[in-house]
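> structure for the following, please:
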Amino acid sequence: MTPQCLSNLRSMISKEDIFSDDGFDPDLWNVGDKESAITYTSQNFEKAKEHILKDFSPRGLSISARGYEASILKVLNDAGSRADIIPVYYDIGFYYDGEWLNGSTSPVFRKDIEVGNLLNIVSFQLLEKFSSSVKITDGADCKKSARISVAWVCLTSLGFDFIKACQISKSPRKKSK
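The predicted structure follows:
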């Protein structure tokens, strides 16, 4: 875990007014906000299903599973929720007539925060890890489907208090005599 990761996380959450509210407690807000993120991404995966399933045939993928990454990341990076609810991993499995053909698992690459550092913060219970899964089926060929699972992290009350306590005051320090 690096101090830079915590600094980046603090910078992300400081952009949203909700975190500056004295009554904000992530643990009290998490249940509804996690459900909102899950619902929002599930709906967006459903909307993107034609693009995600277009290169998929009964023999498997006609392109590498990594070719789907851009579509998946677009949905995940636009989760429509709080800045501290962050997708960290995704897994996509492709099925034809109920039989698994192939798939891909990958961390969600970000420029601002490394997944490994986020998972280290989870081990200190400053972040909580949760997951969601959605099945999408091709509208033209109902035998073609995919299951997309996502692992997320979100701030806990302890993590929020820790980040606030580590916040460096911008006021100049007084010199002691």
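
> ok, and the closest non-adjacent residue to the residue nearest the centre of the chain?
Centroid-nearest residue in the chain: Pro87, 1.1 Å away (criterion: C-alpha atoms, centre = their mean). Closest residue to Pro87 apart from its sequence neighbours, by C-beta to C-beta, 6 or more residues apart in numbering: Leu76 at 4.2 Å. (Each C-beta comes from the backbone N, C-alpha and C, glycine too.)

> any idea how far the nearest residue to Arg110 once chain neighbours are set aside lies from Gly93?
Nearest non-adjacent residue to Arg110, counting by C-beta to C-beta, 6+ apart: Ile86, 7.8 Å away. For Ile86, the distance to Gly93 equals 23 Å [C-beta to C-beta, to the nearest Å].

> those two: which has the busier surroundings?
Between Ile86 and Gly93, counting by other C-beta atoms under 10 Å, Ile86 is the more crowded of the two (25 against 18).

> roughly how far apart are the spatially closest residue to Ile18 that is not a sequence neighbour and Thr41?
Sequence neighbours aside, Phe24 is the residue nearest to Ile18 in space, at 5.9 Å (criterion: C-beta to C-beta, 6+ apart). Distance of Phe24 to Thr41, given as C-beta to C-beta: 23 Å.

> which one's more surrounded, those two?
Taking neighbours as other C-beta under 10 Å, Phe24 and Thr41 compare with Thr41 leading, 24 against 16.

> OK, contacts around the more buried one?
Counting by C-beta atoms under 8 Å, 6 or more residues apart in numbering, Thr41 touches 75-76, 79, 87, 132, 134, 150.

> now with 7 Å?
Counting by C-beta atoms under 7 Å, 6 or more residues apart in numbering, Thr41 touches 75-76, 79, 132, 150.

> likewise for Val115?
88, 107-108.

> report pLDDT for it.
Note on Val115: pLDDT of 84.

> and if you look at Lys49?
88.

> what's the closest non-adjacent residue to Val134?
Nearest non-adjacent residue to Val134, counting by C-beta to C-beta, 6+ apart: Ser42, 4.3 Å away.

> pLDDT of stretch 136-153, averaged?
Mean pLDDT, computed over stretch 136-153, is 91.

> got the buried residues for it?
Residues 136, 138, 144-146, 148-153 are the ones in stretch 136-153 that count as buried (16 or more other C-beta atoms under 10 Å).

> distance to Asn117 for these - can I get that in a markdown table?
Shown next, in a markdown table, are these (distance: C-beta to C-beta, whole Å):
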| residue | distance to Asn117 |
| --- | --- |
| Ile136 | 31 |
| Asp138 | 37 |
| Lys144 | 37 |
| Ser145 | 34 |
| Ala146 | 29 |
| Ile148 | 24 |
| Ser149 | 22 |
| Val150 | 19 |
| Ala151 | 15 |
| Trp152 | 15 |
| Val153 | 11 |
